[in-house]
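Trainee: sequence below, structure please.
(one chain, ligands or ions: 2)
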Amino acid sequence: MKVLTGAQMREIDRLTMEAGIPGLVLMENAGCRFVEFLERNYGPLDQHRIVVVCGKGNNGGDGLVIARQLSIRFKPRSLDVILAYPPTEFKDDSATNWKMLQVTGTRVTRTLEPRMRAATLVIDALLGTGLQGPARSPALEWIREINGGFPGATVVSVDVPSGLFDGGESVRAADTVTFTAPKLEQVVPPTCDRVGRLHVVQIGTPLSLMDKSPEYWLNVVEPRQFRRLFEPRPAGSHKGDFGHVLVIGGAPGKGGAAAMSGLAALKIGAGLVTVATAEEERRTVTALAPELMTQSIGQDPGGKDVLAIGPGLGQEPDLAGVAQRLFAQSALPLVIDADGLNALAGTAFHGPGPWRVLTPHPGEMSRLAGCKTTDIQADRVGVARKFAMERNVVLVLKGQRTVVAFPDGRAFLNPSGTPAMATAGSGDILTGLIAGLMAQWPDRREQAVLAAVWLHGRSGELGAAALTEQSLTATDLIRYLPAAIRETQA
Ligand SMILES: NC(=O)C1=CN([C@@H]2O[C@H](COP(=O)(O)OP(=O)(O)OC[C@H]3O[C@@H](n4cnc5c(N)ncnc54)[C@H](O)[C@@H]3O)[C@@H](O)[C@H]2O)[C@@H](O)CC1
Ligand SMILES: [K+]
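Mentor: Ligands and ions are numbered 1, 2, ... in the order given. The predicted structure follows:
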C-alpha cells in the first residue's frame, strides 16, 4: 500500500476534485466512513457520551460531518461539538457543513464544560494534513485537553492525530482512521507511536492517480502482497524444487550464528541448507538441527541457489576477502549481514547485477554509508533509498519499522516487530529467512524479501505476547514462525 506525504495527499485531493469529484462528496464520505468505523469498533453508539473537537480547516469539516451523522443516525447519550475557532472562520466545504450541522440542533460550544469530561469517546478533528510545523496555540491547548482532559475516554483521530510532527506535541490516539492512504508520519518512528491502531478507509479518491507514478515510491508491507508464497505446494514436489541455501559464517566461537541462519532458512521452507563454518564449529551446526548439512568455510559454494554471507563470520582478513570476492563476482543472489557487511564497509562496492541483499542494523549502516548513526536514524527511509539506488543493492535497514529499499527507488516500511526482538541472534534469523525464501522463489525475489521481513517481525510479536518481551530469544522466533505464516493465508 502506498504511503503519502502531506503534500502528496493534498496533490491527490486536488487531482481528484479536478477529475470532477466534488470536495463536499469526499468530506461526506470521510465522515461516513469514520462513523461506520466507530459503529463497528465501539458500537452500540447510543451508549456513548461523545465529544467532537473541531479545527477550522477541512479536518474540522470532517468532524462536523461526523457530528451530524452521529446525531441523525445514533442519538448518543450525549453529543457535544467543541469549536477551537469561531465558526466564522470555516470556509468552503467546512462552512457548508457548519450550516448543515446547525439544522440537526447538535450542541456546540467554544469551551470545555465540566460535564463533558465524562465523555467515553473523543473525536479528534482539530488538525489534519494541513498542519505546517509543530502545533501552535490555540490548537496546542486543545491537543493537551484531548490527551489529558477526558479520563474515561477513548480518543479516535480523524485522518491524523492532530499535530503529528516530529518534534511537536500531538494527540495520542487509540485509533486513527485515515483517508485514502497512510501518511508518512503515521508509519515512521518516532511519530508512528502516537497513532494507535491505524485504519485506512476509502472515500472516493481513485487510487489509480498514484498507482503508476514513480513519484509515489514509498509503501507499507502488507501480507497480501506475498500470500501466494505460502499457498499449498504442488502435490508432486520434491526438495530440489525449493532451492539450496549456503550460509557462510561461523568463525571459532560463533558457530551458533551461522547455525541459526541455516535453521531459519530450513524452517521457512528451503529444500536444502548447508552451513559452511570453521571446522570446530560444524558440530554446533548439526547439534542445533540434524537436517543441516555442513562444509568447511573455504570450500567451493558451487551447486547452491542462494548464499547468505556473514553470520558469525568474524573479522579475519581472509574471510573478509571471501565476502568481498563473492559480492563482486558470484552469479548467485547473495544475502549479506553482520561481518559480511563489515567486510564491505569502506570499499567502493557496487552491486554487479545479480541480487545483493544487505541487512544492516543502524550501526552497520553507519559504517557502510560512512556517516553517523544519529544521521541515519533521523532519515532512515531517505538514507536507505539513496544507498540502494547508488550502490545497486537491496537494502534492508533494520530497527523499529525496518525499511526495505530497492535499486529502482521504491521503498517499503515494515509495520511488524517489537522491541522484544532486540536480542542476540535475531538478525541471523532474518538473514536465513530471506535466503530461504529467495531460494524457493527465484521469480519472486522482491516478494520473498518483503515476506521474510514481515514474518520475522510478526513472529516476534506473537512470541513476545506468549513469552514476554524479556524472555523471547532468537530461536523462539522460529517457534512462532508457523503461526505468522498461517496469518498470511487468513
Ligand atoms: N479534498 C480534500 O482536501 C479532503 C480533505 N479532507 C480532510 O481535510 C484535511 C486537510 O484539510 P486542510 O488542508 O484544510 O487542513 P487541516 O484541516 O488539516 O488544517 C488546516 C488549518 O490548520 C491551521 N494550521 C496549520 N498549521 C498549524 C499549526 N502548526 N498549528 C496550528 N494550526 C495550524 C491552518 O491555519 C488551517 O486553518 C485532511 O486531513 C482530511 O481530514 C477530507 O475532508 C477529505 C477530502
Ligand atoms: K485530526
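
Trainee: how long is stretch 413-426 end to end?
Mentor: Stretch 413-426 has an end-to-end distance of 18 Å (C-alpha to C-alpha, to the nearest Å).

Trainee: ok, now which ones touch Ala278?
Mentor: 250-252, 255, 296-297 (C-beta atoms under 8 Å, 6 or more residues apart in numbering). For every residue, glycine as well, the C-beta is placed using N, CA and C.

Trainee: tell me the buried residues within those residues.
Mentor: The neighbour-count test (16 or more other C-beta atoms under 10 Å) marks 250-251, 255, 297 as buried among the contacts of Ala278.

Trainee: before we move on, the earlier item: just the contacts of Ala278: which are in helices?
Mentor: Those of these mapping onto helices are Gly255, per DSSP state H.

Trainee: from the contacts of Ala278, which land in strands?
Mentor: In strands, judged by DSSP state E, the following of the contacts of Ala278 are found: Ser296.

Trainee: now, among the contacts of Ala278, which is nearest to ligand 1?
Mentor: Gly250 (52.0 Å; C-beta to the nearest ligand atom).

Trainee: state the distance from the closest residue to that closest one other than its chain neighbours to Thr129.
Mentor: Residue nearest to Gly250 in three dimensions, not counting chain neighbours: Thr277, with 2.9 Å by C-beta to C-beta, 6 or more residues apart in numbering. Distance, Thr277 to Thr129, using C-beta to C-beta, to the nearest Å: 52 Å.

Trainee: okay, those two: which has more neighbours?
Mentor: Each of Thr277 and Thr129 has its neighbours counted (other C-beta atoms under 10 Å); Thr277 has more, 30 against 22.

Trainee: how about the residues of this structure by ligand 1?
Mentor: Counting by C-beta under 6 Å from any ligand atom, the chain comes close to ligand 1 at 13, 23, 26-27, 30, 55-62, 127-136, 139, 158-160, 179, 203.

Trainee: go again using 5 Å as the cut-off
Mentor: Contact residues, the chain versus ligand 1 (C-beta under 5 Å from any ligand atom): 13, 23, 26-27, 30, 56-59, 62, 127-133, 135-136, 139, 159.

Trainee: let me see the ranges of the strands in the stretch 151-300 of the chain.
Mentor: Ranges of strands in the stretch 151-300 of the chain, per DSSP state E, counting those that start in this stretch, are 154-158, 175-179, 197-201, 218-220, 244-248, 272-277, 293-296.

Trainee: need the contact list for the nearest residue to Pro190 once chain neighbours are set aside.
Mentor: Distances taken as C-beta to C-beta, 6+ apart place Asp166 nearest to Pro190, at 6.6 Å, with adjacent residues excluded. By C-beta under 8 Å, 6+ apart, the contact list for Asp166 reads 185, 190-191.

Trainee: among these, who's most crowded?
Mentor: Result: Glu185 is most packed of the contacts of Asp166 (other C-beta under 10 Å), 23 neighbours.

Trainee: any low-confidence regions in the stretch 351-490 of the chain?
Mentor: Within the stretch 351-490 of the chain, not a single segment meets pLDDT under 70.

Trainee: most proximal residue of it with respect to ligand 2?
Mentor: Nearest to ligand 2 in the stretch 351-490 of the chain, going by C-beta to the ion, is Pro415, at a distance of 20.6 Å.

Trainee: would you check how far apart that residue and Val396 are?
Mentor: 15 Å.

Trainee: got the residues of the chain near ligand 2?
Mentor: With C-beta under 5 Å from the ion as the criterion, the chain meets ligand 2 at residues 59, 124, 157-158, 162.

Trainee: and the host helix or strand of Met100, what other elements does it pack with?
Mentor: According to DSSP states H and E, Met100 maps onto helix 92-103. Judged by 3 or more C-beta pairs under 8 Å, 6 or more residues apart in numbering; DSSP states H and E, helix 92-103 is in contact with helix 23-42, helix 58-73.

Trainee: give me the contacts around the first one.
Mentor: It refers to helix 23-42. Helix 23-42 is touched from outside by 13, 16-17, 45, 48, 58, 61-66, 68-70, 73-74, 92-94, 96-97, 121, 123, 154, 156, 158-159, 175, 177, 179, 199, 201-205, with contacts defined as C-beta under 8 Å, 6+ apart.

Trainee: tell me where the stretch 251-400 of the chain has helices.
Mentor: 255-267, 282-288, 317-329, 338-344, 362-369, 373-378, 380-391 (DSSP state H, counting those that start in this stretch).
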